[in-house]
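Enquirer: sequence plus the predicted model coming up.
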Amino acid sequence: MGKLQKQAKKGEATIVHQEQVVRYQGPVPPPAIMEQLESIMPGAADRIFTMAEKEQAAAHEHQRSYDANAGALIQTEHRQNTLALIFAFVLCLTFSVCGTLLIINGHEVAGGSLIGTTLLGVTSSFLARWKARQNGK
């Protein structure tokens, strides 16, 4: 609220200027304004409350939808991670068996290279993921 007054000298008029600003937050105005709205437009209060209730119901539905989508996203990511881990295990096991068969059949260098590179790849992959998690925390 601001006030402005000019001091008057003897024989002069005084000018007074006043401003009033009323603010409220939310869909429902304060009771005094609600009464004024109702007197100007009968049924306005009911319309304002109906609008506020619909807005709140929509916000709740949006939050429920968001929560459901987030849960589905987490489950999908978990499933993908599990499948990737199983695939990596099977692949590692296959290469190790093939490397062992190569060594048994007299191809020590090829078999050792296959087993060594497989173990090196798996180890570096796990270390890279571990480091990324450590940096993300």
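Expert: The structure has been received and is ready for your questions.

Enquirer: so Ala132 sits in a strand?
Expert: No: the assignment for Ala132 (DSSP: H, G, I helix; E, B strand; the rest coil) gives helix, which keeps it out of a strand.

Enquirer: and it, how many neighbours?
Expert: By other Cβ atoms under 10 Å, the residues close to Ala132 number 9. The way it works is simple: take the backbone N, C-alpha and C, and place the C-beta from them, glycine included.

Enquirer: and Ile115, by the same measure?
Expert: Based on other Cβ under 10 Å, the number of other residues close to Ile115 is 19.

Enquirer: quickly note the distance from it to Val97.
Expert: As judged by Cβ to Cβ, to the nearest Å, Ile115 and Val97 stand 10 Å apart.

Enquirer: and the lengthiest helix in the chain, what does it pack onto?
Expert: Secondary structure of the chain per DSSP state H: the longest helix is helix 44-104. Here helix 44-104 touches helix 31-40, helix 108-136, going by 3 or more Cβ pairs under 8 Å, 6 or more residues apart in numbering; DSSP states H and E.

Enquirer: what is the burial count for the nearest residue to Tyr24 once chain neighbours are set aside?
Expert: Spatial nearest neighbour of Tyr24, chain neighbours left out: Pro30 (5.5 Å); criterion: Cβ to Cβ, 6 or more residues apart in numbering. For Pro30, the neighbour count with other Cβ under 10 Å is 11.

Enquirer: Arg23 is in contact with Pro30, correct?
Expert: No: contact criterion Cβ atoms under 8 Å: Pro30 and Arg23 do not qualify, at 10.0 Å.

Enquirer: ok, back up a step: nearest to Leu91, out of the helices and strands packed on helix 44-104?
Expert: Among the helices and strands packed on helix 44-104, helix 108-136 comes nearest to Leu91, with 8.1 Å by Cβ to Cβ.

Enquirer: for Phe126, give its distance to Gly26.
Expert: If you measure Phe126 against Gly26 using Cβ to Cβ, the figure is 52 Å.
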